[in-house]
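Peer 1: This is a predicted model, with the sequence first.
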Amino acid sequence: MTKEKKTEETKEETQKTYTQADIDAYQTALDDAQAVAEQYLEDLQRERASFVNYKKRVDQDNQLMADIQLGKSINLFLPVIDDLERALKNQPEDMASKAWAEGIELILQKLRTAMAKLNVEVIDIKPGDEFDPTDQEALTHEESETYKDGQVIEVVQTGYKLKDRIIRPAAVRVAK
């Protein structure tokens, strides 16, 4: 075979005419391939969204665990703060020097400042406020002429919360 004959045969093969049935078959195959590709794309997008949600959930869980651990650590210091508050509240009247009380107050203030930096807040309750079981614990229910039914008579122990989580509810006496 000569070179010209080979070229003519190649041209004939490339110029092959396709029937409508061939075109329809190729179009069907192309449509099927595109449908599969679109399904793969949808699956990929769904998995990507699922992974993003998973990362958010893991971050939230990690933050929650860190907050729980911080709350447990802070709980260890609360009795010390309670003791300092009681010492200030019950100091003798005849103390010769107020420097001791001022020193205790300074230590207490430093502890409160450190706790505020850790997002720990005192649950603010005063006598006369309505009793709220979500952040208060009723130690006693007592008759009172001064306060109405369901009002706080006295805060026995200060309550604390970390962000929106109660670390320790306030212990209160409630009027009935």
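Peer 2: Received the coordinates, thanks.

Peer 1: The helix or strand containing residue 22 packs against which elements?
Peer 2: Using DSSP states H and E, residue 22 sits within helix 20-89. Applying 3 or more Cβ pairs under 8 Å, 6 or more residues apart in numbering; DSSP states H and E, we find helix 20-89 packed against helix 99-117, strand 159-162, strand 165-168. C-beta: built from backbone N, CA, C; applies to glycine.

Peer 1: what about these, which gets the closest to residue 33?
Peer 2: Across these, residue 33 has its closest neighbour in strand 165-168 (54.1 Å, Cβ to Cβ).

Peer 1: Show me the contact partners of stretch 83-93.
Peer 2: By Cβ atoms under 8 Å, 6 or more residues apart in numbering, the residues outside stretch 83-93 that reach it are 100-101, 104-105, 107-108, 111, 158.

Peer 1: follow-up on the earlier one: in TSV, list the helices and strands packed on helix 20-89 along with mean neighbour count.
Peer 2: Shown next, in TSV, are the helices and strands packed on helix 20-89 (neighbours: other Cβ atoms under 10 Å):
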stretch	mean neighbour count
helix 99-117	13
strand 159-162	20
strand 165-168	17
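
Peer 1: So residue 120 is in contact with residue 158, correct?
Peer 2: No. Judged on Cβ atoms under 8 Å, residue 120 makes no contact with residue 158 at a distance of 11.3 Å.

Peer 1: Pick out whichever of the two has more residues nearby.
Peer 2: Legend: neighbour count by other Cβ atoms under 10 Å for residue 120 and residue 158, higher for residue 120 (19 against 16).

Peer 1: Pull the contacting residues for that one.
Peer 2: 74, 160-162, 167.

Peer 1: Could you tell me how many residues sit around residue 71?
Peer 2: Close neighbours of residue 71, defined as other Cβ under 10 Å, add up to 19.

Peer 1: How about the one 5 residues further on?
Peer 2: Other residues within reach of residue 76, judged by other Cβ under 10 Å, total 8.
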